[in-house]
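Chemist: Show me the folded form of this:
(2 chains)
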Number of protein chains: 2
Amino acid sequence: MTDAQKIRDAVSRSSGRFLGHLEQACAIPSVGTEGQGIEMIAWLENRLVELGATVSRLSVPGSPVAILGEFAGTDPGRTLMIYDHYDVQPVDPLNLWLSPPFEPTIRDGKLFARGAADNKGDLVARLCALEVFRELNGELPFTVKFLIEGEEEAGSVYFERICQAFAEQLKADDCVWEGGWMDLDGRPEMYYGCKGLLYVELRCRAISGDQHSSIAVYAPSAPWRLLRAINSFTDDDGNVVIDGFHDKIVPPGPRESELIERIPFNEQAMLKRLGIAEFNRGLTGPALTHALLYSPTANIDGFETGYTVPGGQKTVLPAEAMAKVDFRLVPDQDGTEIAGLVRKHLKDRGFGDIEVSVLSHENPSRSPLDSTLGRAAEAAAAEWFKDRVTIYPYMWATGPMFPIAQGLGIPICSPPGVGRPDSNLHAPNEHVHVADFYDIIGYTVAYLEEYGRTEPS
Amino acid sequence: MTDAQKIRDAVSRSSGRFLGHLEQACAIPSVGTEGQGIEMIAWLENRLVELGATVSRLSVPGSPVAILGEFAGTDPGRTLMIYDHYDVQPVDPLNLWLSPPFEPTIRDGKLFARGAADNKGDLVARLCALEVFRELNGELPFTVKFLIEGEEEAGSVYFERICQAFAEQLKADDCVWEGGWMDLDGRPEMYYGCKGLLYVELRCRAISGDQHSSIAVYAPSAPWRLLRAINSFTDDDGNVVIDGFHDKIVPPGPRESELIERIPFNEQAMLKRLGIAEFNRGLTGPALTHALLYSPTANIDGFETGYTVPGGQKTVLPAEAMAKVDFRLVPDQDGTEIAGLVRKHLKDRGFGDIEVSVLSHENPSRSPLDSTLGRAAEAAAAEWFKDRVTIYPYMWATGPMFPIAQGLGIPICSPPGVGRPDSNLHAPNEHVHVADFYDIIGYTVAYLEEYGRTEPS
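Modeler: Below you'll find the model as predicted:
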């Protein structure tokens, strides 16, 4: 194993150029839901070809392009996939950005730009790490496949179909996922799985058009109907009470429970950040982290109906109401099945007229905690980060891991990455600490080396 | 009494000019809640002065201006007040208007414009009727006081204070209210009272800022809290279940019940218009009209939280949620008391953090069914409309009658006016039938004549 200092020195020698790559990538708008991406695809293809990769564009009818960049290794029998995405979140509200979202700007040692943390920072760091690895070690001992998709922020609607259609090209032994975050105390985190997500838009149309509210006494109300329908999804504690919703949930195993017990969670810092006195249902300690990882939720992302000008008055019986609800799912809940249960629930409770549009669903995913990549990433992290790493069996957020981990049977591990809780992911003024970017390039080199040396599971 | 045909002929001779007045009035934006109105006040003052009135502006600190236009009559001992309002409802959703809301447009014999029916149509018709009355009869036998306020659509927050402050100037024997509608079969309606209204804006702020929805498992949700709080206001049938809410309700007396039984309500036409198969709780027949007049309601006028772009996805735990709710009140519920009960209800059920802003409250109001004006308007209507008039003891909608009927002790009657159920009051494409406008000018002349002849109660 190359000495950590040697890796740091090598990163340092190219630091200006590496930061330049990140700035270039972040200067390209690639808001997936707004149909951007072409320029970013070209930039990535260029970068991959310059580094010596064979590049393909993967797509299925209607899908954005996913990019596959393959670097052949000396051992044809071993392949490591690296998953990232080139699309970024929308930039609104634009007026809250201190510098334009696609004009990367450095302030106080941080690079501000949409996508800097999610996920161009990790993506570019990994491309840079590949260079450093080869500078220090010569040829790659194993094949590396970069799989970079373009609709992660939009729920990866087509990603499963792409994985199925190109299963042969996507064969691999392990898969590196988007990087884990650092926690509020600067401890890096890594994950072996993620929650699932079902995102639905609910629409109720009760009468043919808006009416004077005096007739609310005899005409049905879309707002009331939708409100009651949504309210029926949970009990007063927020537990989902849809029939069959919990049937397929598999509780964590002993190793997972052990890891959960060890997860540090700075409750005071989080309470302060949220401006609240206590968590829901008085959650604290291991019960809190357990709930975070293993409790499904029903969350109202948005609700809109009628007249909403602050301070204004309009006495209207609105004809329509719309809401967005996301269900965070846990193993082995299935997004499609849950969507069916939601529809059945509404029908059974007399809300069959409420239209349910499934905007996306991603299944929860678990990977073995003792995969080759996992052991390598943990060993490298223990040395690189001086034992400050937190291992999550499973991530509280959602990513499209299922098509790879369960669909293609490739174990996933998400090693520490460039994000921090205050990186403003999905928010104005997204940023990474430049020092974190360099640190993660170095750590990536370290675990790639360790992976080459680790006996396959 | 002037022969109806003579009245019609007189209206007909000035019809182009009268329609021009209505178009002028409707071309002036006067959305009260958006602070418009100055231009409309000037137009009205001009019109009143041209007609020979003494004009005053009435206001109290913070209030919009109400206009008092006084036409002296030959008998100083008799005064008829005519109440209307110059403000109109907001125009949104603007994209559903077929012609711009403040560019009056005639299509199919209808004049389309915001305010055409509510209430500029009646107001202008009455000003025109005054002209015709004098053309046919010479001087007014009694004093006419036009009281035209500017915040009716915003709940007449200051109107009671204005009535109290100018009680002396506002003395009158009877008060003509905004015009009654025609029903779906074209039968004119008249009213002697109205429901009350309490309009509140509810706001919940659960956390300091929007968050990634993965933390919904432990962080409180403003949308859920507000939704549950509102849901607790009613049972599944829509009956308000706030403690004490029903305590002061006085059932209708025998004469009122008799009138309610006689109210024709074209249920099939209304069902068709609303696009529904049946009314709430299976209401039909006298039970339906009884509920319309004597059942209080809680209606959701608007609800807004989080991300609401149709078809879009953002997994967010919104920090805030806002809703507008109106409670229609019946005699002798009191708006201020009910606001207190709403606050207490929320506090008692653990929703004390939800901020309740009372945007307006108007008490329900009843007037005697045998007032001088009532007898005159009914007699004139029986002749003018050929006995097709429906007499409501009490109106399902709300107006600021309480400060005049109960506060100043002036009996109110709302004779037939220009509106129809499909006039799109408070909605896009508000309109009046031009023929109705002329008809109501004529009928107004007829009841003004009848009022002069009727023995005071």
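Chemist: so where's the stretch 251-400 of chain A shaky on pLDDT?
Modeler: For the stretch 251-400 of chain A, applying pLDDT under 70 flags no range at all.
Chemist: try 90 this time
Modeler: Residues of the stretch 251-400 of chain A that meet the criterion pLDDT under 90 lie in A:261, A:265-266, A:312-314, A:387-388, A:394-399.
Chemist: now the helices for it?
Modeler: Listed in chain order, the helices of the stretch 251-400 of chain A (DSSP state H, counting those that start in this stretch) span A:254-262, A:267-274, A:285-294, A:335-348, A:372-384.
Chemist: doesn't residue A:237 fall inside a strand?
Modeler: No - per DSSP: H, G, I helix; E, B strand; the rest coil, residue A:237 lies outside any strand segment and is coil.
Chemist: Tell me the pLDDT of it.
Modeler: Reading off the per-residue confidence, residue A:237 sits at a pLDDT of 92.
Chemist: Could you do residue A:1 as well?
Modeler: Residue A:1 is assigned a pLDDT of 57 by the prediction.
Chemist: can you list the residues of the stretch 101-250 of chain A near chain B?
Modeler: With Cβ under 8 Å from any Cβ of the partner chain as the criterion, the stretch 101-250 of chain A comes near chain B at residues A:154-155, A:195, A:197, A:199, A:201, A:206-221, A:223-224, A:227-228, A:230-231, A:234, A:236, A:238. Every C-beta, even on glycine, is put in place using the N, C-alpha and C of the backbone.
Chemist: follow-up on the earlier one: how about the helices of the stretch 251-400 of chain A in JSON lines, adding mean neighbour count and distance to chain B?
Modeler: Compiled in JSON lines, these are given as follows (neighbours: other Cβ atoms under 10 Å in any protein chain shown; distance: least, Cβ to the nearest Cβ, whole Å):
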{"stretch": "helix A:254-262", "mean neighbour count": "15", "distance to chain B": "14"}
{"stretch": "helix A:267-274", "mean neighbour count": "15", "distance to chain B": "4"}
{"stretch": "helix A:285-294", "mean neighbour count": "19", "distance to chain B": "5"}
{"stretch": "helix A:335-348", "mean neighbour count": "18", "distance to chain B": "14"}
{"stretch": "helix A:372-384", "mean neighbour count": "22", "distance to chain B": "22"}
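Chemist: and the residues of the stretch 101-250 of chain A next to chain B, which of them are in helices?
Modeler: In helices, defined here by DSSP state H, the members of those are A:223, A:224, A:227, A:228, A:230, A:231.
Chemist: Verify the stated contact: residue A:445 with residue A:131.
Modeler: No - using Cβ atoms under 8 Å, residue A:445 is not in contact with residue A:131, being 9.2 Å away.
Chemist: neighbour count winner among the two?
Modeler: Set residue A:445 next to residue A:131 and count neighbours by other Cβ atoms under 10 Å in any protein chain shown: residue A:445 wins out with 31 against 20.
Chemist: list the contacts for the more buried one?
Modeler: With Cβ atoms under 8 Å, 6 or more residues apart in numbering or on different chains as the criterion, the residues that contact residue A:445 are A:2, A:7, A:10, A:11, A:129, A:132, A:133, A:136.
Chemist: near chain B, which residues of the stretch 301-450 of chain A?
Modeler: A:301-318, A:321-322, A:324, A:326, A:328, A:357, A:359-360, A:396-398, A:425-427.
Chemist: Which residue ranges make up each domain of chain A?
Modeler: With automatic domain parsing as the criterion, the domains of chain A are listed as A:4-192+A:367-453, A:196-249+A:296-362.
Chemist: got the contact list for residue A:329?
Modeler: By Cβ under 8 Å, 6+ apart, the contact set of residue A:329 is A:195, A:196, A:197, A:198, A:296, A:335, A:338, A:363, A:364.
Chemist: beta partners of the residue nearest to the third one when sequence neighbours are not counted?
Modeler: For residue A:197, the nearest residue in space outside its immediate sequence neighbours is residue A:398; the separation is 4.1 Å by Cβ to Cβ, 6 or more residues apart in numbering or on different chains. Per DSSP bridges, residues listed as beta-bridge partners of residue A:398: residue A:195.
Chemist: Wait, residue A:398 touches residue A:198, no?
Modeler: No - Residue A:398 is not in contact with residue A:198 according to Cβ under 8 Å; the separation is 9.8 Å.
Chemist: Tell me which entries of the contacts of residue A:445 lie within strands.
Modeler: Judged by DSSP state E, the contacts of residue A:445 include no members of strands.
Chemist: Looking at the ones in helices among the residues of the stretch 101-250 of chain A next to chain B, point me to the pair that's furthest apart.
Modeler: A:223 and A:231 (12.0 Å; Cβ to Cβ).
Chemist: higher neighbour count, these two?
Modeler: Between residue A:223 and residue A:231, counting by other Cβ under 10 Å, residue A:223 is the more crowded of the two (30 against 16).
Chemist: wait, what's in contact with the residue nearest to that one when sequence neighbours are not counted?
Modeler: The shortest distance from residue A:223 to any residue that is not its chain neighbour, by Cβ to Cβ, 6+ apart, is 3.8 Å, and that residue is residue B:300. Applying Cβ under 8 Å, 6+ apart, we find residue B:300 in contact with A:221, A:223, A:224, A:227, A:305, A:306, A:318, B:230, B:323, B:324, B:325.
Chemist: number of nearby residues for the fourth one?
Modeler: The reference is to residue A:227. With neighbours defined by other Cβ under 10 Å, the count for residue A:227 comes to 24.
Chemist: cool, the last one as well?
Modeler: Residue B:325 is surrounded by 22 other residues when neighbours are defined as other Cβ under 10 Å.
Chemist: distance of it from residue B:357?
Modeler: Residue B:325 sits 11 Å away from residue B:357 when distances are taken as Cβ to Cβ, to the nearest Å.
Chemist: what's the answer for the fourth one, then?
Modeler: Between residue A:227 and residue B:357 the computed distance is 20 Å (Cβ to Cβ).
Chemist: give me every residue that touches residue A:307.
Modeler: A:313, A:314, A:316, A:318, B:90, B:92, B:301, B:302, B:324.
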